[in-house]
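**Student:** sequence plus predicted model, see below.
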Amino acid sequence: MSSAILLALTLACLPSANDVRIDIGAGPSFQNFPGPIADLDPWVTGVALEACASVPASVAREKAPARWKSKIPSEGEIDVRPLWLTVIPTHIVASPGGPLSMWGATWDFFGIGLFQPIGSAARLKLHLQVPELWWLRADGPATSGPSSEFGIAAAPRASLEVDPLPWLRLSGGWTHHVGIPMGSIHLRTGAESPWEWGSAWFMIHIRPRVKI
């Protein structure tokens, strides 16, 4: 279900502070690019970020209009990321020094997700972000000069989430970025325009209850 639909449902069905958790997550990420870029640096470092609101699915299902009830799961949570939060990148690429220095970021806008509970405190999650925008910049001795690439993409993601405490979540997974590149990374061996690359990541989430 798209974030826009979830946001509309959420705004309509939040009666109290006990119904919402703000999820703020951050942790290391490692980007794997194909071809010559991987030869220079197989795991480009960065940071993964998360910012959303989590609403109990049972609450959303109970309060939602009748035509949406069947589309909302009866268990678990629904993560809502209002459009204004898309200014926060979901991945930041930051790998200075060495023969290849890389910087960049990705921004995700709307998504569809499925999850499978594992007991009461964990779940497997599959998610697809569409569209995703990326920006990459490279410099250093292995390049012929500073260069940048932009892309518009889809980003499937698989992850495992574990909640050791009600206010604490640990998550890790893989995001694959597949899209249409614009521009190129100018290596000394030639121009590279990666149309797909991956991010392995781990995050620690702080999840306080708030009143909206």
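**Tutor:** Alright, I've got the coordinates. Residues are numbered from 1 along each chain as shown.
**Student:** which residue would you name as the spatial centre of the protein?
**Tutor:** Thr90 (4.5 Å; CA atoms, centre = their mean).
**Student:** now do the contacts for that residue.
**Tutor:** Ala48, Leu49, Glu50, Thr106, Trp107, Asp108, Gln129, Glu132, Thr175 (CB atoms under 8 Å, 6 or more residues apart in numbering). C-betas here are computed from N, CA, C, even on glycine.
**Student:** which residue, other than its chain neighbours, is closest to the fifth one?
**Tutor:** It refers to Trp107. Of all residues not flanking Trp107 in the chain, Leu133 sits nearest, at 4.8 Å (CB to CB, 6 or more residues apart in numbering).
**Student:** which helix or strand lies directly C-terminal to the one helix or strand that neighbour maps to?
**Tutor:** Taking DSSP states H and E as the criterion, Leu133 maps to strand 122-139. Downstream of strand 122-139, the first helix or strand assigned by DSSP H and E is strand 147-165.
**Student:** where does this structure dip in pLDDT?
**Tutor:** 1-19, 63-65, 68-76, 212 (pLDDT under 70).
**Student:** in it, which spans are helices?
**Tutor:** Here the chain has its helices, by DSSP state H, at 3-13, 36-40, 57-63, 66-69.
**Student:** just checking, Arg81 touches Cys52?
**Tutor:** Yes - the criterion here is CB atoms under 8 Å, and Arg81 meets it with Cys52 at 4.4 Å.
**Student:** go ahead and confirm the residue nearest to Trp107 touches His91.
**Tutor:** No - counting by CB under 8 Å, His91 is not a contact partner of Leu133; they are 11.3 Å apart.
**Student:** about what we covered before: okay, and the beta partners of the residue nearest to Trp107?
**Tutor:** Trp107, Ile152 (DSSP bridges).
**Student:** for the residue nearest to the centre of the chain, phi and psi?
**Tutor:** Dihedral angles phi and psi of Thr90 (degrees, to the nearest 10) take the values phi -90, psi -30.
**Student:** that one and Pro166: what is the separation?
**Tutor:** 24 Å (CB to CB, to the nearest Å).
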